[in-house]
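> After the sequence you'll find the predicted model.
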Amino acid sequence: MAGVLISIISLFGSAAVGGAVGLFAGFPAGTAVFAILLLFALQLRLAANQRRERRLAGREIAGLKRAHAAIEQALGEAQAKMEVIREAAEARSSAQGRKIVAELQVLESLMREFAGRISEKAAPDAAPVASGQAPGARAYLESMGESDLLETIRASLEENRVDLYLQPIVSLPQRKLRYYEALSRLRAENGSVIMPAQYMKVAAPAGLMSVVDNLLLFRCVQIVRRLTHKNRDVAVFCNISGDTLTDAEFFPQFLEYMRQNKDLAGQIVFEFGQEAVAKAGAKGEENLIVLAGLGFALSMDHVDALALDFGRLKRIGFRHLKLRADVLLGGMSHARAAVGPEDFKTLLARHGLNLIVERVEDEKTVVQLLEYGVDFAQGYLFGEPRAVRDDKPEKTEPAAPVIPFRKSA
């Protein structure tokens with residue numbers, strides 16, 4: 001027994017053992033020793049638990065410190081991302097503001113010019129208008145004098161009563177939709193459709209066609225933005241007149257407007273007539289190069305003479321050339337083409353130009369086009385112009401009969 005006590009004293013010290021012995025004084029020796037051993041075993045367990053709890057607490061504190069550091073890092077990253085988002089939002093807001101300013105500048109300039117030219121016109125003479133609508137609509141328009149019709153055109157443009165009609169351009173032989181050509185119509189206050197042949201009757205003699213074309217083009221760009229917001233796989237051909245191309249006051253504003261909207265470069269192809277390009281001169285060609293430099297592809301239509309420098313067209317920015325089916329199939333010699341119809345597509349492709357054959361009206365023509373390897377075609381056979389309603393082309397016939405769109409030179 002003495003040996004056991006000596007071992008306990010060596011482990012826990014004489015004071016601790018003395019206290020335990022005093023606590024169990026009067027008990028039998030064996031019982032006292034057992035009790036003392038049990039007591040110190042409990043103290044050992046308690047000390048071990050305390051050391052373990054201190055270790056666990058230390059690990060928990062370290063874990064909390066690591067979690068705190070991770071939270072601080074995540075918070076910093078979130079703040080940095082929020083700053084990026086804020087800067088991006090401010091940039092978008094600034095860009096949108098610039099677009100709105102450019103848009104207002106274009107509209108203000110065009111409407112001021114339009115109003116000025118109308119005010120310079122003499123008193124009205126009765127101006128007959130073309131047919132092509134229901135009798136009631138024709139009667140309504142025919143009852144107007146020239147100045148009344150000009151005022152109706154002005155109001156239609158100013159109040160955005162401009163309808164966009166789309167005619168498909170398809171790939172061959174699959175006949176899959178690849179592009180649209182945009183054609184504009186005006187609506188009078190009573191809903192009557194004012195066709196190009198009608199407003200040209202009064203606008204052209206008044207010297208207003210460039211202004212009308214410009215406003216129609218401007219509205220076309222606005223509608224195309226909404227239309228292609230849902231489908232960015234299909235581009236739209238928009239026509240620009242020769243007067244617009246050489247307009248020293250308007251075209252710089254138009255270029256600025258398109259610069260603010262160059263995100264549409266993949267959705268809009270600007271189309272010019274061959275005669276308009278030929279008469280554009282150095283300044284007009286410079287305007288074309290600037291427009292193409294913004295990323296917009298150019299197309300040439302109303303092509304009657306094929307003795308062209310196709311390499312030069314590509315350098316200016318042209319990527320498409322439209323040719324009437326009757327010219328390709330039977331008028332190449334008259335158009336002074338350097339090659340026959342079977343080689344014409346290859347000639348254009350060599351200079352980076354797509355051939356689009358327009359005014360395709362029957363299946364026999366399609367067979368001939370396929371023999372010549374034509375890739376793209378347009379015409380009533382593949383679809384008539386259809387009005388856009390709610391940013392989608394109508395699937396039903398337009399309310400008013402549609403006649404081929406006549407573009408100004």
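Structure received. Numbers count the residues shown, from 1 in each chain.
> Residue 173 and residue 146, how far apart?
49 Å (Cβ to Cβ, to the nearest Å). Backbone N, C-alpha and C define where each C-beta goes, glycine included.
> avg pLDDT for stretch 62-77?
Averaged over stretch 62-77, pLDDT sits at 71.
> just checking, residue 338 is part of a strand?
No. Assessed with DSSP: H, G, I helix; E, B strand; the rest coil, residue 338 is coil; it does not lie in a strand.
> what sits up against the helix or strand containing residue 164?
Element membership for residue 164, per DSSP states H and E: strand 162-171. Strand 162-171 has contacts (Cβ atoms under 8 Å, 6 or more residues apart in numbering) with 156, 176-187, 193, 216, 219-220, 223-224, 227, 236-237, 356, 375-378, 382-388, 393, 398, 402, 405.
> So among these, which ones count as buried?
156, 178-187, 193, 216, 219-220, 223-224, 227, 236-237, 356, 375-378, 382-388, 393, 402, 405 (16 or more other Cβ atoms under 10 Å).
> Just the C-alpha atoms of stretch 224-239, please, in PDB.
Output in PDB follows, covering the C-alpha atoms of stretch 224-239 (Å, rounded to 0.1, in the frame of the first residue of the first chain):
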ATOM      1  CA  VAL A 224     -35.500  46.700 -87.600                       C
ATOM      2  CA  ARG A 225     -34.000  47.100 -84.100                       C
ATOM      3  CA  ARG A 226     -37.200  45.900 -82.500                       C
ATOM      4  CA  LEU A 227     -37.700  43.200 -85.000                       C
ATOM      5  CA  THR A 228     -34.200  41.700 -84.800                       C
ATOM      6  CA  HIS A 229     -34.100  41.900 -81.000                       C
ATOM      7  CA  LYS A 230     -35.900  38.500 -81.000                       C
ATOM      8  CA  ASN A 231     -34.200  37.000 -84.100                       C
ATOM      9  CA  ARG A 232     -30.600  38.000 -84.900                       C
ATOM     10  CA  ASP A 233     -30.100  35.300 -87.500                       C
ATOM     11  CA  VAL A 234     -31.900  37.100 -90.300                       C
ATOM     12  CA  ALA A 235     -30.600  40.400 -91.800                       C
ATOM     13  CA  VAL A 236     -32.800  43.100 -93.300                       C
ATOM     14  CA  PHE A 237     -32.000  45.000 -96.500                       C
ATOM     15  CA  CYS A 238     -32.800  48.700 -96.200                       C
ATOM     16  CA  ASN A 239     -32.800  51.000 -99.300                       C
END
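> Let me see the ranges of the helices in the stretch 251-400 of the chain.
274-278, 281-293, 310-316, 325-330, 341-350, 363-371 (DSSP state H, counting those that start in this stretch).
> for the stretch 101-250 of the chain, same thing?
Using DSSP H, counting those that start in this stretch, helices in the stretch 101-250 of the chain cover 135-142, 146-158, 196-203, 209-228, 242-245, 250-260.
> List the buried residues of the second one.
The one in question is helix 146-158. Across helix 146-158, burial judged by 16+ other Cβ under 10 Å covers 146, 147, 149, 150, 152, 153, 154, 156, 157.
> Report the angle between it and helix 209-228.
Here the directions of helix 146-158 and helix 209-228 differ by 30 degrees (axes from the mean of the first three to the mean of the last three Cα atoms, to 10 degrees).
> Can you show me the CA trace of helix 146-158 as CSV?
C-alpha atoms of helix 146-158 as CSV (Å, rounded to 0.1, in the frame of the first residue of the first chain):
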residue,chain,number,x,y,z
GLU,A,146,-51.3,68.4,-103.4
SER,A,147,-50.7,70.4,-100.2
ASP,A,148,-53.2,68.3,-98.3
LEU,A,149,-51.5,65.1,-99.4
LEU,A,150,-48.1,66.5,-98.5
GLU,A,151,-49.5,67.4,-95.1
THR,A,152,-50.9,63.9,-94.7
ILE,A,153,-47.4,62.5,-95.5
ARG,A,154,-45.8,64.8,-93.0
ALA,A,155,-48.2,63.8,-90.3
SER,A,156,-47.8,60.1,-91.0
LEU,A,157,-44.1,60.4,-90.7
GLU,A,158,-44.1,62.6,-87.6
